[in-house]
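Peer 1: A structural model of the following input is requested.
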Amino acid sequence: MYWDYWSIDRILVLLVSLAFLMLGSQVSLFHYRQNFHHASMGVPAIAVPLFFIAGIILTWLNAGWLHQLFHVFMWLGGVAGLIGFYFHVRGVGHPCRRVCAVQFHDRMACRAAADVTALSILGRIAIYRKGM
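Peer 2: Numbers count the residues shown, from 1 in each chain. Alright, predicted model coming up:
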């Protein structure tokens, strides 16, 4: 089954997918720079490109199983973003043993993990709006 027109659901899935592409490249480069010293650093480097691929395919091919796959990926992305946010907030206080506001402004890692969660929520809204 193909899309009939460019509905708001289809546009949202496309924009979320492209945002995952941009965010995934940034997160992968930042984690590569740290040599993936923690096992959980590989999760966004592997999962975010999968979110992008599933979203782009869903944009062009309107199939029920792709809706389900994208829906599951968005749930996994939301959970992974929250876990990443926890690790990054915990890591921000590590150098000086306290959390200061300056460190949150200097480091984009906390925001990037929150962006994964926010994009996953937006992707779920697009799928729920579709009525799947």
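Peer 1: When you work out contacts or count neighbours from here on, use the C-alpha atoms and nothing else.
Peer 2: Fine.
Peer 1: lowest-confidence helix or strand of the chain?
Peer 2: None of the helices or strands of the chain scores lower by mean pLDDT, DSSP states H and E than helix 101-106, at a mean of 55.
Peer 1: Now the element after it, going C-ward?
Peer 2: Note on helix 101-106: by DSSP states H and E, the next helix or strand toward the C-terminus is helix 109-130.
Peer 1: Now find how far off-centre that next one is within its chain.
Peer 2: Its chain's C-alpha centre and that of helix 109-130 lie 6 Å apart, by C-alpha atoms, centre = their mean, to the nearest Å.
Peer 1: Pull the residues that contact it.
Peer 2: Contact with helix 109-130 is made by 9-10, 12-13, 16, 19-20, 23, 27, 67, 71, 74-75, 77-82, 84-85, 88-89, 104, as judged by C-alpha atoms under 8 Å, 6 or more residues apart in numbering.
Peer 1: Which among those residues count as buried?
Peer 2: 9-10, 12-13, 16, 19-20, 23, 27, 67, 71, 74-75, 77-78, 80-82, 84-85, 88-89, 104 (16 or more other C-alpha atoms under 10 Å).
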